[in-house]
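In: Here is my input, please return the structure:
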Amino acid sequence: MEVKELSLPARRKDVGWLRAGDLLFLTGEVVTARDRAHLRMADLLSRGKELPVDLRDGALYHCGPAVRREGKEWRVLSAGPTTSSRVDPLLPRLLPRLGVRAVIGKGGVGEETKRVMKRMGCVYLAFPGGCGALAARAVKEVRGVHWLDLGQPEAMWVLEVRGLGPLVVAVDPSGRDLYEEVRRRMGA
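Out: Numbers count the residues shown, from 1 in each chain. Okay, here's the model as predicted:
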């Protein structure tokens with residue numbers, strides 16, 4: 001199986017060739033967000049406010065990294081994925097406003113989110129749980145942090161990554177969903 005690479009920012013055509021089951025490595029800017037950051041994004045956008053970072057054509061990573069301050073810099077110690085279903089109810093409204101090309105997490109997303117992602121030309125990339133140290137090695141720089149008042153794991157971290165992965169394309173731009181295929185095969 002060929003392992004592919006995706007550089008961010010990415011336009012619709014840059015992810016359009018990805019297919020469910022593809023393995024890839026990601027390079028570019030990735031923004032992390034967990035539950036509380038998603039709620040804050042939804043609140044700000046609903047009030048017509050701007051977010052502190054532009055996610056258009058980028059990647060939203062469902063992750064609460066373990067981070068340590070070293071002098072004036074931040075160092076990511078672990079950056080494993082969190083379960084996407086925790087924020088799935090917010091994604092159908094958020095994703096079109098954010099304009100992301102990739103959502104990274106674990107466990108997949110719901111039907112409504114998949115329909116929105118298909119319309120947008122967005123992919124869902126699964127990163128295996130338990131690989132936080134591997135993900136941290138791909139972080140080359142912490143470019144910024146927003147909303148530290150939510151706590152370090154819930155803050156929005158802007159990370160420059162090189163070779164983040166391996167990621168599995170779990171939902172591709174056509175809407176094909178590996179999680180659903182496995183559930184059908186298992187009779188669930």
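In: Pairing partners for the helix or strand harbouring residue 6, with directions?
Out: Assessed by DSSP states H and E, residue 6 sits inside strand 3-7. Using DSSP bridges, strand 3-7 pairs in its sheet with strand 23-32 (parallel).
In: tell me the mean pLDDT for the strand it pairs with?
Out: For strand 23-32, mean pLDDT rounds to 97.
In: How far does it sit from its chain's centre?
Out: Centroid separation between strand 23-32 and its chain, computed with C-alpha atoms, centre = their mean, to the nearest Å, is 8 Å.
In: The helix or strand sitting right after it along the chain - contacts with which helices or strands?
Out: With elements assigned by DSSP H and E, the helix or strand that comes after strand 23-32 is helix 35-46. Other helices and strands packing on helix 35-46, by 3 or more C-beta pairs under 8 Å, 6 or more residues apart in numbering; DSSP states H and E, are helix 91-98. For every residue, glycine as well, the C-beta is placed using N, CA and C.
In: Now do the buried residues in the helix or strand following the helix it packs on.
Out: For helix 91-98, the succeeding helix or strand toward the C-terminus, using DSSP H and E, is strand 102-105. Using 16 or more other C-beta atoms under 10 Å as the test for burial, strand 102-105 gives 102, 103, 104, 105.
In: Listing partners with orientation, what would you give for strand 102-105?
Out: strand 59-61 (parallel), strand 123-126 (parallel).
In: Average pLDDT for the first one, rounded please.
Out: When you say that, I think you mean strand 59-61. 98.
In: before we move on, back to that, now distance to residue 89 and pLDDT too, for the buried residues of strand 102-105, in CSV please.
Out: Shown next, in CSV, are these (distance: C-beta to C-beta, whole Å; pLDDT from 0 to 100):
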residue, distance to residue 89, pLDDT
102, 20, 98
103, 14, 98
104, 18, 98
105, 14, 97
